[in-house]
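1. Need a 3D model of the following:
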Amino acid sequence: MKKILVSLIIILNSFAIHFSFAQDHGHLYVGATSTNQGAPLLITNAADFVTDSGYVKTLSFTNGGKYAGYFDGNITFEAKPAYNALGDPVAGSAALGAWVHAQIVSVDGPVGGGFGFWEAGALAPTFNIPCGTISTNTWALSNNGGAPGTDPFGHIHGRRFTATKPGIYTVAFKALDRCTNGTGGGPIHTDSDILKVYFQAGINISSITRIQNVVSVRFGSLLSQTFYLESNDNCTTTNWNSVGSVPGNDNFQTLTDTNGSLENFYRIRVTNP
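-> Purely as a prediction, here's the structure:
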């Protein structure tokens, strides 16, 4: 019986070494369910990033500067302010005196790969977590240092995430309060729920399925790029057939060949835009 031949080939045409900083506008906001003692912290827009949402954060490979040899990018974590610029209370913020931190709980991804966090201005990873391991590494989100009665707000740009190998990573985050202003000299808030987010180092095909002559290719896409599915029965030639295209949107997307043969190679080609 013949089997369909699937080639996971990714062709990067006109693809910049460093992606546009437009992709860096993603923010995760951390507040709390209430300001009461023992109330959990809350990642308020977790639903936009969780793995079930289809979102994937692309980390781009660079061969120059301090990130040379890494795939890098960022999602900015922000601790919500207790008061806005007019002095009005902000709903959903953590309590005054809370010292909000983010933690990477675990990393899963390609064998031998690692996922790192870089503090703003760092010249090397602040920490790097091997795939398949758990972690207790944290970084502060609040600017207040945990001083009693102070606003828990924090919004620091310049921090980065990196990956060492191409592939798809599942990174688990949570928020925690490291202040000593709560009952008995402990924290005010308990930890948030764990949030798992997909990152991809480079552009990756996540799955390919075939039902009769219908072949569906699922891949991670990037905003401001255009993605093309192409097929061929001989991947050594340059005559690839265009199947379809879609604009990137920072989500996993699927392109389908409704007239696939029993033996086909497929590739994703990327252009800018």
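2. Residue 214 reaches residue 255, doesn't it?
-> No: between residue 214 and residue 255 there is no contact under C-beta atoms under 8 Å: 11.6 Å. Just so you know, the C-beta spots here come from the backbone N, C-alpha and C atoms, and that holds for glycine as well.
3. so what's residue 203 up against?
-> By C-beta atoms under 8 Å, 6 or more residues apart in numbering, residue 203 lies in contact with 10, 12, 58, 219-222, 227, 268, 270.
4. Which parts of the stretch 1-150 of the chain are strands?
-> Secondary structure of the stretch 1-150 of the chain, counting by DSSP state E, counting those that start in this stretch: strands at 9-12, 27-32, 41-43, 56-61, 71-73, 76-79, 100-108, 114-118, 127-130, 133-134, 138-140.
5. Quick one: closest of these to residue 241.
-> Of all the strands of the stretch 1-150 of the chain, strand 9-12 sits nearest to residue 241, with 13.6 Å by C-beta to C-beta.
6. what separates the closest residue to residue 264 other than its chain neighbours from residue 261, distance-wise?
-> Spatial nearest neighbour of residue 264, chain neighbours left out: residue 231 (5.2 Å); criterion: C-beta to C-beta, 6 or more residues apart in numbering. Distance, residue 231 to residue 261, by C-beta to C-beta, to the nearest Å: 8 Å.
7. Please, where are all the strands along the stretch 151-273 of the chain?
-> Taking DSSP E, counting those that start in this stretch as the criterion, the stretch 151-273 of the chain carries its strands at 154-155, 160-163, 167-177, 195-201, 205-211, 214-220, 226-232, 241-247, 252-257, 265-271.
8. Next, work out how far apart residue 170 and residue 123 are.
-> Here residue 170 is placed at a distance of 28 Å from residue 123 (C-beta to C-beta).
9. ugh, wrong one, residue 184
-> Relative to residue 123, and taking C-beta to C-beta, residue 184 is found at 40 Å.
10. And stretch 133-141, what's buried?
-> Residues 135, 138-141 are the ones in stretch 133-141 that count as buried (16 or more other C-beta atoms under 10 Å).
11. Could you dump the residues you listed into a markdown table and include distance to residue 119?
-> A markdown table is the format used below for these (distance: C-beta to C-beta, whole Å):
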| residue | distance to residue 119 |
| --- | --- |
| 135 | 16 |
| 138 | 12 |
| 139 | 7 |
| 140 | 10 |
| 141 | 12 |
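12. between the residues you listed, which is nearest residue 108?
-> Looking across the buried residues of stretch 133-141 and measuring by C-beta to C-beta, the closest to residue 108 is residue 135, at 11.6 Å.
13. and the closest one, what does it touch?
-> The neighbours of residue 135, taking C-beta under 8 Å, 6+ apart as the test, are 103-107, 127, 129.
14. unless I'm mixing things up, residue 62 is touching residue 68, no?
-> Yes: using C-beta under 8 Å, residue 62 is in contact with residue 68, at 6.1 Å.
15. wait, doesn't the residue nearest to residue 264 sit right on residue 265?
-> Yes: counting by C-beta under 8 Å, residue 231 touches residue 265, with 6.8 Å between them.
16. Which residue is the nearest non-sequential neighbour of residue 221?
-> residue 248 (3.7 Å).
17. how much space between the one you found and residue 228?
-> Counting by C-beta to C-beta - residue 248 and residue 228 are separated by 11 Å.
18. neighbour count winner among those two?
-> residue 248 (21 against 18; other C-beta atoms under 10 Å).
19. Contact partners for the more buried one?
-> 221-227.
20. give me that answer again for 10 Å
-> With contacts defined as C-beta atoms under 10 Å, 6 or more residues apart in numbering, the neighbours of residue 248 are 23, 58, 203, 219-227, 270, 272-273.
21. Check residue 38 too.
-> By C-beta under 10 Å, 6+ apart, the contact set of residue 38 is 182-183, 186-190.
22. Which one (most neighbours) among these?
-> Most surrounded of the contacts of residue 38: other C-beta under 10 Å gives residue 189, at 29 neighbours.
23. For the closest residue to that residue other than its chain neighbours, list each beta-bridge partner.
-> Computed as C-beta to C-beta, 6+ apart, the closest residue to residue 189 that is not its neighbour in sequence is residue 177, at 4.0 Å. With DSSP bridges as the criterion, the beta-bridge partners of residue 177 are residue 100.
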